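Q: Please work out how this folds:
(chains A, B, C and D)
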2 protein chains.
Amino acid sequence: MTAERPRRPPTAQEFVLAELRRSIVNGELRPGEQIRQEALAERLGTSRVPLREALKILEGEGQVAYHPHRGYFMAELSSSDLAEVYRIRRLLEDDAVAVALPLLSEDDLEAMVDALTAIEGAALREDIPAMTSANRAFHFLLFDRAGLPRTSRLIRQLWDATDAYRSLYFAAPDNRETVRREHRAILNAARARDVPGTIALLHAHRDQAVQRVSRVLGH
Amino acid sequence: MTAERPRRPPTAQEFVLAELRRSIVNGELRPGEQIRQEALAERLGTSRVPLREALKILEGEGQVAYHPHRGYFMAELSSSDLAEVYRIRRLLEDDAVAVALPLLSEDDLEAMVDALTAIEGAALREDIPAMTSANRAFHFLLFDRAGLPRTSRLIRQLWDATDAYRSLYFAAPDNRETVRREHRAILNAARARDVPGTIALLHAHRDQAVQRVSRVLGH
DNA sequence: TCGGACACGATTGGATACAATATCCAGACC
DNA sequence: GGTCTGGATATTGTATCCAATCGTGTCCGA
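A: Modelled structure (predicted):
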């Protein structure tokens, strides 16, 4: 009998990277904010070196901006940036869904139902991080079966780019009922293997999201 | 009068990153090869710290793979990876070209002609790095005017992903005449502002490239 | 009162030193 | 003979220390 979860962080930099991602989703790291290396490293219980290496990953993904000799700043999205992120998502996600949908197993559809249940449970508990996580799980079940790992990875990065903002509008309860309805419709279309229908519903879903996020974005 | 070129590297990590990119295009860093940090850092005249930070950027871009406690390895493309890279490029480049083409100025078209001239000049001198660089310049003139900076950046990263292989087939002179003809056709279609025609020619151009690269890839 | 030069403090960038881990090989045991 | 165990060695991972740079506040002069 092994340990119940070998959930050890193998290296400090990976631990720090995971913590940073969590902090971004949680809204602890706000867009535009400067990252004070020494303070943050101490808070995480490491030195600055692993922190800087984790920041470089985020820089490569466009999540933070780096200014030499001035430091790292959380990326800030303009409204045109936001529009472009969703524009690219549409291209990539449409492609992934078209390939994946016919390949979805019954188990996959079951997992989507579970994800929806998890979203609603988290909503009741006001657990925003759990909501965003379950929301991702729901959507990525539609992409990952396509067997296009690079596409999935890019889509993931695009989702990451708006994570800092998404947590803000998820807090508003009136949005939730709309999202819930949209998700149900998407699930039904997926169950029917209706590729054009699913894609159309996803377009509408994303358009709604752009609306909601851009409202937050203009502070 | 300032220095003729303020081409100083502001930080060591940026210098190292630029050197790494150059080495990849040149074929000095071969796919799959392990990167020995100490040796490489010494060769570049720095310590391991800036080198590791540069490697993290490349990791975030998918150019190198990182295995904890084992090190960094140049990414290796499977043939399905290669196909996926070009599949994504098609999606993003089609979108960018459709937007950019109507916006191209006469100067842009002139610059494309210059790029073609540069490619042929470099080919005569057998200067492979200059060829790939001019080739990029030619193609990105078709994308960058779209005003979609994130899209351009992603396309650039996808090109980077195959740089290590592209330099290999550019060495073969018999490919060059084909490429030359394709480029001329693309330029003419662009000059006529023929969006569907340009896109179709780019499809054919990419398909040819997949053929050529995958031949190299199966070593 | 405003503008600019200067110096100080805070923060980042990089080099070195040390700790942790993986790989490889030899030897023992089954 | 093959497999496993133990340790030696090479390489990576992290902490600490020092140097370089930027921003800011102050002082001086116009």
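Q: from what I can see A:Gln34 touches A:Tyr72, true?
A: Yes. Counting by Cβ atoms under 8 Å, A:Gln34 sits close enough to A:Tyr72 to count as a contact (7.3 Å). All C-beta spots, glycine's among them, are computed from the backbone N, C-alpha and C.
Q: higher neighbour count, these two?
A: Each of A:Gln34 and A:Tyr72 has its neighbours counted (other Cβ atoms under 10 Å in any protein chain shown); A:Tyr72 has more, 22 against 11.
Q: Verify the stated contact: that one with A:Ile57.
A: No. Counting by Cβ under 8 Å, A:Tyr72 does not reach A:Ile57; the two are 11.5 Å apart.
Q: Report the contact partners of A:Gly62.
A: For A:Gly62, the contact set (Cβ atoms under 8 Å, 6 or more residues apart in numbering or on different chains) comprises A:Ala75, A:Gln157, A:Ala161, B:Arg150, B:Arg153.
Q: Could you check how far A:Arg156 is from chain B?
A: 12 Å (Cβ to the nearest Cβ, to the nearest Å).
Q: so which strand or helix has that residue?
A: Using DSSP states H and E, A:Arg156 sits in helix A:149-170.
Q: From DNA strand D, how far off is A:Asp163?
A: 24 Å (Cβ to the nearest atom of the strand, to the nearest Å).
Q: Near A:Leu217, how many other residues are there?
A: Neighbour count for A:Leu217, taken as other Cβ under 10 Å: 19.
Q: Let me see the ranges of the strands in chain A.
A: Remark: strands assigned in chain A by DSSP state E are A:34-35, A:64-67, A:71-74.
Q: Compare those strands and give me the one nearest DNA strand D.
A: Nearest to DNA strand D, of all these, is strand A:64-67, at 7.5 Å by Cβ to the nearest atom of the strand.
Q: could you say what helices and strands that closest one packs with?
A: Where contact means 3 or more Cβ pairs under 8 Å, 6 or more residues apart in numbering or on different chains; DSSP states H and E, strand A:64-67 is packed against helix A:48-60, strand A:71-74.
Q: Packing partners of the first one?
A: On a contact count with 3+ Cβ pairs under 8 Å, 6+ apart, helix A:48-60 meets helix A:12-26, helix A:37-44, strand A:64-67, helix B:48-60.
Q: And the contacts of it?
A: Here helix A:48-60 has contacts from A:11-17, A:20, A:35, A:37-38, A:40-41, A:44, A:64-66, A:72, B:49, B:52-53, B:56-61, using Cβ under 8 Å, 6+ apart.
Q: Where does the prediction get shaky in chain A?
A: Low-confidence segments of chain A (pLDDT under 70): A:1-9, A:218-219.
Q: Would you mind listing what in it touches DNA strand D?
A: Along chain A, the residues adjacent to DNA strand D under the rule Cβ under 7 Å from any atom of the strand are A:Thr11, A:Ala12, A:Gln13, A:Thr46, A:Ser47, A:Arg48, A:Val49, A:Pro50, A:Glu53, A:His69, A:Arg70.
Q: Any idea which of the helices and strands packed on strand A:64-67 gets closest to B:Leu101?
A: helix A:48-60 (30.1 Å; Cβ to Cβ).
Q: Wondering if the closest one reaches DNA strand C at all.
A: Yes. Contact of helix A:48-60 with DNA strand C (Cβ under 7 Å from any atom of the strand) involves A:Arg48, A:Val49, A:Arg52.
Q: okay, the helices and strands packed on strand A:64-67, which one's buried deepest?
A: Ranked by mean neighbour count, the helices and strands packed on strand A:64-67 are led by helix A:48-60 with a mean of 21 (mean count of other Cβ atoms under 10 Å in any protein chain shown).
Q: how far does it sit from the chain's center?
A: Put simply, helix A:48-60 sits 19 Å off its chain's centre (Cα atoms, centre = their mean, to the nearest Å).
Q: Same question for stretch A:134-148: list its buried residues.
A: Applying a neighbour-count criterion of 16 or more other Cβ atoms under 10 Å in any protein chain shown, one finds A:134-146, A:148 buried in stretch A:134-148.
Q: Now render these as TSV, adding distance to chain B.
A: What follows is the buried residues of stretch A:134-148, written out as TSV (distance: Cβ to the nearest Cβ, whole Å):
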residue	distance to chain B
A:Ala134	26
A:Asn135	22
A:Arg136	19
A:Ala137	23
A:Phe138	23
A:His139	18
A:Phe140	17
A:Leu141	20
A:Leu142	17
A:Phe143	13
A:Asp144	14
A:Arg145	15
A:Ala146	10
A:Leu148	6
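Q: Contact residues of chain A facing DNA strand C?
A: So far as Cβ under 7 Å from any atom of the strand goes, chain A lies against DNA strand C at A:34-38, A:48-49, A:52, A:66, A:68-72.
Q: hmm, 6 Å instead?
A: Within chain A, the residues that sit near DNA strand C (Cβ under 6 Å from any atom of the strand) are A:Arg36, A:Gln37, A:Glu38, A:Pro68, A:His69, A:Gly71.
Q: Leaving out sequence neighbours, find the closest residue to the first one.
A: Taking Cβ to Cβ, 6 or more residues apart in numbering or on different chains, and ignoring the residues beside it in sequence, A:Arg36 has A:Gly71 as its nearest neighbour in space, at 7.8 Å.
Q: Apart from its neighbours in sequence, what residue is nearest A:Lys56?
A: Closest to A:Lys56 by Cβ to Cβ, 6+ apart is B:Lys56, at 3.5 Å.
Q: One more: A:Tyr66?
A: Closest residue to A:Tyr66 apart from its sequence neighbours, by Cβ to Cβ, 6+ apart: A:Glu59 at 4.9 Å.
Q: What separation do you get for that neighbour and A:Glu53?
A: Per Cβ to Cβ, to the nearest Å, A:Glu59 is found 10 Å from A:Glu53.
Q: ditto for A:Arg193
A: Relative to A:Glu53, A:Arg193 is positioned 44 Å away (Cβ to Cβ).
Q: Next: A:Gly60.
A: Applying Cβ to Cβ, the value for A:Gly60 to A:Glu53 is 11 Å.
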